[in-house]
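A.B. asks: need coordinates for the following:
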Amino acid sequence: MAQLLIFRHGQSTWNLENKFTGWVDVDLTEKGITEAKTAGTKFKGMNFDYAYSSDLMRAQKTLALAMETAGHTPLAPIYNKALNERMYGDLQGLDKTETAKKFGEDQVKIWRRSFDIAPPNGESLKDTAARVLPYFKAEIEPKLKAGKNVIVVAHGNSLRALIMHLENMTPEQILEFEIGTAQPRLYELDNNMNVLSVKNL
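C.D. replies: Have a look, this model is predicted:
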């Protein structure tokens with residue numbers, strides 16, 4: 001049996017400013033730092049063999065702060081852009097309210113909440129899953145199957161792709177699934193990657 005702990009980064013500066021962030025490398029806010037540390041208090045006493053994060057600072061910082069707060073033995077984290085947030089293309093840096101006024105609320109909702117329709121020059125959730133899942137299956141699954149415990153700190157949409165895979169959700173179900181900032185979700189898995197239990201810490 002293995003444990004997989006996943007959570008989204010703490011609040012970022014552009015979360016606070018209500019902007020589409022995507023691959024723009026913004027930092028955590030003070031609240032985000034606190035959220036990351038609070039996440040760490042929720043898995044004190046747990047041991048992980050491997051730690052993964054995206055290529056973006058907000059996720060990497062959250063991982064480091066949470067692990068430090070948990071009192072975990074330092075691990076050399078593995079960073080990979082396959083775990084990056086969904087790329088929002090032309091919407092990146094735009095205020096979400098202003099974008100709705102410009103393109104219409106219905107169009108923005110389609111871009112944000114449809115599985116396979118991408119914003120201009122960006123990725124859909126389907127596109128995001130197409131890079132997250134091959135990486136997960138090649139890099140992380142073998143470790144879990146070998147009984148190693150793994151922690152992954154990433155982003156709302158890269159984690160949606162992962163949760164959809166682990167919990168056999170439909171595109172409709174995962175699009176309605178809310179992922180709060182820095183809220184650890186713990187999976188217990190057997191050696192065939194079947195989910196034995198899942199809970200939020």
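
A.B. asks: name the nearest residue to E85, sequence neighbours excluded.
C.D. replies: In this structure, E85 finds its nearest non-sequential neighbour in H155, 3.6 Å apart by CB to CB, 6 or more residues apart in numbering. For every residue, glycine as well, the C-beta is placed using N, CA and C.

A.B. asks: now do the same contact list for that neighbour.
C.D. replies: By CB atoms under 8 Å, 6 or more residues apart in numbering, the residues touching H155 are 8-9, 54, 56, 59, 83-86.

A.B. asks: dump those residues into JSON lines; add neighbour count and secondary structure as well.
C.D. replies: Shown next, in JSON lines, are these (neighbours: other CB atoms under 10 Å; DSSP: H, G, I helix; E, B strand; the rest coil):
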{"residue": "R8", "neighbour count": "27", "secondary structure": "strand"}
{"residue": "H9", "neighbour count": "31", "secondary structure": "coil"}
{"residue": "S54", "neighbour count": "25", "secondary structure": "coil"}
{"residue": "L56", "neighbour count": "24", "secondary structure": "coil"}
{"residue": "A59", "neighbour count": "29", "secondary structure": "helix"}
{"residue": "L83", "neighbour count": "28", "secondary structure": "helix"}
{"residue": "N84", "neighbour count": "24", "secondary structure": "coil"}
{"residue": "E85", "neighbour count": "27", "secondary structure": "coil"}
{"residue": "R86", "neighbour count": "27", "secondary structure": "coil"}
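
A.B. asks: and these as CSV, adding pLDDT and distance to F103?
C.D. replies: Formatted as CSV, the contacts of H155 follow (pLDDT from 0 to 100; distance: CB to CB, whole Å):
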residue, pLDDT, distance to F103
R8, 98, 26
H9, 98, 27
S54, 98, 27
L56, 98, 25
A59, 98, 28
L83, 98, 28
N84, 98, 24
E85, 97, 20
R86, 96, 17
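
A.B. asks: of those residues, which is the nearest to I163?
C.D. replies: Set against I163, the nearest of the contacts of H155 by CB to CB is R8 (10.8 Å).

A.B. asks: beta partners of the closest one?
C.D. replies: For R8, the beta-bridge partners are A154, T181 (DSSP bridges).

A.B. asks: quick check: P171 vs A66, distance?
C.D. replies: Distance, P171 to A66, by CB to CB, to the nearest Å: 30 Å.

A.B. asks: touching, M169 and F177? I think so.
C.D. replies: Yes: in this structure, M169 is within contact of F177 by CB atoms under 8 Å, at 7.0 Å.

A.B. asks: run through the residues that contact I78.
C.D. replies: The contact partners of I78, by CB under 8 Å, 6+ apart, come to 50-53, 139.

A.B. asks: buried members of the residues you listed into PyMOL, please.
C.D. replies: Listed next is the PyMOL selection for buried residues among these, using 16 or more other CB atoms under 10 Å:
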select buried, resi 50+51+52+53+139
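
A.B. asks: any chance of the contacts of I78 in a markdown table, plus distance to W111, pLDDT and secondary structure?
C.D. replies: Converted to a markdown table, these look like this (distance: CB to CB, whole Å; pLDDT from 0 to 100; DSSP: H, G, I helix; E, B strand; the rest coil):
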| residue | distance to W111 | pLDDT | secondary structure |
| --- | --- | --- | --- |
| Y50 | 34 | 98 | strand |
| A51 | 32 | 98 | strand |
| Y52 | 28 | 98 | strand |
| S53 | 26 | 98 | strand |
| E139 | 29 | 98 | helix |
